[in-house]
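>>> generate coordinates for the sequence data below:
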Amino acid sequence: MLIADGGYLKLYPWKVRYRQHGQEIEQWALPDKEWWIDFAVKWDHTEILEFIEVELNEEQQARAEEIEELRIDEGFKEICIEYILNGVFPAGVAHPLRQLQIMKEQTEQDAYLIDQDFRLSLIELGVDL
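Below is the predicted model of the structure:
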């Protein structure tokens, strides 16, 4: 789902479904579709059934764009895929998504505090919640 482009991660939304030794397999079409086509031509035991463009929902697409903007080294591909697909940050504090994680947590906290302040203001005005 992510490929290295100039040493940094970039979205590559293609999967390949193929038959190999009688078994159907689906996986990310990495390094690219052309590689898979060449592989199937070279090896008779592999038949490409289809290429599937994986469509991300809006939240996943936004997270993929964040990853591209951060220009994260390709060595962190797995944690970036987990973040894009599921919105999950890695455990610990020493990872390349840490600044993004802090920013998002701060935004959530700010929204919560604003909401609480608004609720308190309404209570002080005698508005029933």
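>>> drop to CA atoms for contacts and neighbour counts, all remaining ones
Noted.
>>> domain parsing for the protein?
2-90, 97-129 (automatic domain parsing).
>>> this structure: strands as residue ranges?
2-5, 8-11, 14-20, 23-28, 46-53 (DSSP state E).
>>> show the contacting residues for the residue nearest the centre of the chain.
Note on the chain: the residue nearest the mean C-alpha position is Ile84, at 1.8 Å, using CA atoms, centre = their mean. By CA atoms under 8 Å, 6 or more residues apart in numbering, the contact set of Ile84 is Gln60, Gln61, Arg63, Ala64.
>>> returning to what we had before: and the domains of the chain, which is most packed in?
domain 2-90 (a mean of 15; mean count of other CA atoms under 10 Å).
>>> the contacts of Ile84 in helices, which ones?
Within the contacts of Ile84, residues falling in helices by DSSP state H are Gln60, Gln61, Arg63, Ala64.
>>> quick one: pLDDT of the third one?
Spelled out, it's Arg63. Predicted confidence (pLDDT) for Arg63: 91.
>>> out of everything not next to it in sequence, what's closest to it?
Ile84 (5.1 Å; CA to CA, 6 or more residues apart in numbering).
>>> distance of the one you found from Glu68?
For Ile84, the distance to Glu68 equals 11 Å [CA to CA, to the nearest Å].
>>> Leu85 too?
Taken as CA to CA, the span from Leu85 to Glu68 is 14 Å.
>>> just to revisit the earlier point, can you tell me which of the domains of the chain has the worst average pLDDT?
domain 97-129 (a mean of 85).
>>> circling back: include distance to Ile79 when you put the strands of the chain into CSV, please.
As requested, the strands of the chain are exported to CSV (distance: least, CA to CA, whole Å):
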stretch, distance to Ile79
strand 2-5, 11
strand 8-11, 11
strand 14-20, 19
strand 23-28, 16
strand 46-53, 21
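>>> so which of these gets nearest Gln99?
Closest to Gln99 of the strands of the chain is strand 8-11 (CA to CA; 17.0 Å).
>>> could you dump that closest one to PDB, C-alpha only?
The C-alpha trace of strand 8-11 is given here as PDB (Å, rounded to 0.1, in the frame of the first residue of the first chain):
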ATOM      1  CA  TYR A   8      10.100   8.400   1.500                       C
ATOM      2  CA  LEU A   9       6.700   6.700   1.700                       C
ATOM      3  CA  LYS A  10       4.000   7.300  -0.800                       C
ATOM      4  CA  LEU A  11       0.500   5.800  -1.300                       C
END
